[in-house]
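Engineer: Sequence and computational prediction follow.
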Amino acid sequence: MEQNKNIDWALGAFSALKSGMAKAIVGHEELIEALSLALVSGQHVLLEGVPGVAKTLAVRTLGRLMSLEFSRIQFTPDLLPSDLVGTQIYNPQTGQFSVHTGPVFANLVLADEINRAPAKVQSALLESMEEKQVTLGGATHALPKPFMVLATQNPIEQEGTYPLPEAQLDRFMFKILVGYPSRDEELAVLRLKKEADPEIYPVLTGEDIAALRELAATVHVDPKIEEYIVDLVRTTRNPGSIDPELAETVRWGAGPRAVVFFLRAARARALMQGRSFVLPADVQAVAPWILRHRILLSYEALADGMTPDQAVARIVAGVPAP
């Protein structure tokens, strides 16, 4: 009975998030679901899309829906690591240095156009994502809890971008592709902009988010589901084992971190669906988001026009589900 009450409360929290996002965002159901799952999983998200498709608006709206500290960092080619993490400032009156923390010291950090900044700046942010702390002046400063980075980037085809290395991409649980809206959605955007800006109020507190994360951690995962997750990830490294045509398509597969992300995301999705147990469908639903930036295709596959999502779809279809 208590578990049912908790699940009902979680469903209400997810519904409030979705309703709040829908006030400012037209369509993009996949994006809204992914952001909600990442929030409950306590992980970071990379959003990729051309300018003007509501990437930044979605993250801003999520920040307004939570009574947490929110900051936005606009990445530019001249940005320095100290602009992110902070610096030490000398006080001539006291003869001492004082620490001034940067915008990364927030609960929800929007890293806008992360691939516009050089590698050393990207590394500074991604290190804080991994360690959940920053070193300034020889002292370690813990980042606030919860801490979540939502980064946006333009497609690499856009001029003036610095692609993120695979090792750094691996720190993002999800990579979400944000596309153009449909015709009806674009009409809805036009009509929405005619009206006054929607009033958006916080619907979740830090305590609520912590409770959702604790509840998601209790969602049951059958050992067969765990084996299914491991088989999926391992098959990305040797796709020829299920499909000879895929043998020469993947140069690099997903690492062990993907297994952990699968488990957390599948649990969060089961909770979002009102269940206390994970189904294979939960794993399959998040597979493209988790794997698309962890699979490196061969030059031959790229020349043939194959995309990472197509490779993921064939891998998911080829691995038997329990």
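Structural biologist: Yep, it's here. Residues are numbered from 1 along each chain as shown.
Engineer: how about the helices in this protein?
Structural biologist: Using DSSP state H, the helices found in the chain span residues 2-24, 29-41, 55-64, 81-85, 119-131, 166-169, 183-194, 206-217, 223-237, 257-272, 280-291, 299-303, 308-318.
Engineer: doesn't residue 206 make contact with residue 107?
Structural biologist: Yes. Contact criterion CB atoms under 8 Å: residue 107 and residue 206 qualify, at 7.0 Å. Quick note: C-beta positions are derived from backbone N, CA and C, even for glycine.
Engineer: which residues do those two both contact?
Structural biologist: Contact with both residue 107 and residue 206 is made by residues 66, 68, 145, 146, according to CB atoms under 8 Å, 6 or more residues apart in numbering.
Engineer: what sits up against stretch 110-127?
Structural biologist: Residues contacting stretch 110-127 (CB under 8 Å, 6+ apart): 46, 56, 59-60, 63, 70-77, 79-81, 83-85, 104, 149-154, 156, 160-165, 168, 171.
Engineer: try it again with 7 Å
Structural biologist: 56, 59-60, 72-77, 79-81, 84-85, 104, 149-154, 160-164, 168, 171 (CB atoms under 7 Å, 6 or more residues apart in numbering).
Engineer: and if you look at stretch 263-271?
Structural biologist: 7, 10, 37, 40-41, 43, 173, 215-217, 219, 221, 229, 277-279, 282-283, 285-286, 290.
Engineer: Out of the residues you listed, which end up buried?
Structural biologist: The neighbour count (16 or more other CB atoms under 10 Å) marks 7, 10, 37, 40-41, 43, 173, 215-216, 219, 221, 229, 278-279, 282-283, 285-286, 290 as buried among the contacts of stretch 263-271.
Engineer: Can I get the shared contacts of residue 107 and residue 206 in CSV including distance to residue 272, neighbour count and pLDDT?
Structural biologist: Shown next, in CSV, are the shared contacts of residue 107 and residue 206 (distance: CB to CB, whole Å; neighbours: other CB atoms under 10 Å; pLDDT from 0 to 100):
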residue, distance to residue 272, neighbour count, pLDDT
66, 17, 22, 86
68, 20, 20, 82
145, 22, 13, 86
146, 18, 16, 86
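Engineer: Tell me where the model's unsure across this structure.
Structural biologist: Across the chain, the ranges flagged by pLDDT under 70 are 1-3, 156-160, 193-197.
Engineer: quick check: domain ranges of it?
Structural biologist: Domains of the chain are assigned by automatic domain parsing as 2-186, 219-318.
Engineer: how about those, which one is nearest residue 211?
Structural biologist: Proximity to residue 211 (CB to CB) singles out domain 2-186 among the domains of the chain, at 8.1 Å.
Engineer: How far off centre is that closest one?
Structural biologist: 8 Å (CA atoms, centre = their mean, to the nearest Å).
Engineer: would you turn the helices of the chain into CSV with distance to residue 100?
Structural biologist: Shown next, in CSV, are these (distance: least, CB to CB, whole Å):
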stretch, distance to residue 100
helix 2-24, 32
helix 29-41, 29
helix 55-64, 22
helix 81-85, 9
helix 119-131, 16
helix 166-169, 26
helix 183-194, 38
helix 206-217, 24
helix 223-237, 42
helix 257-272, 33
helix 280-291, 36
helix 299-303, 45
helix 308-318, 41
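Engineer: which one of those lies closest to residue 246?
Structural biologist: That would be helix 308-318 among these, by CB to CB, at 6.1 Å.
Engineer: which parts of that closest one are buried?
Structural biologist: So, applying 16+ other CB under 10 Å, buried residues of helix 308-318: 308, 311, 312, 314, 315, 316.
Engineer: measure the residue nearest to residue 205 when sequence neighbours are not counted to residue 56 for me?
Structural biologist: Using CB to CB, 6 or more residues apart in numbering and skipping residues adjacent in sequence, the residue nearest residue 205 is residue 67, 5.0 Å away. The gap separating residue 67 from residue 56 is 21 Å, by CB to CB, to the nearest Å.
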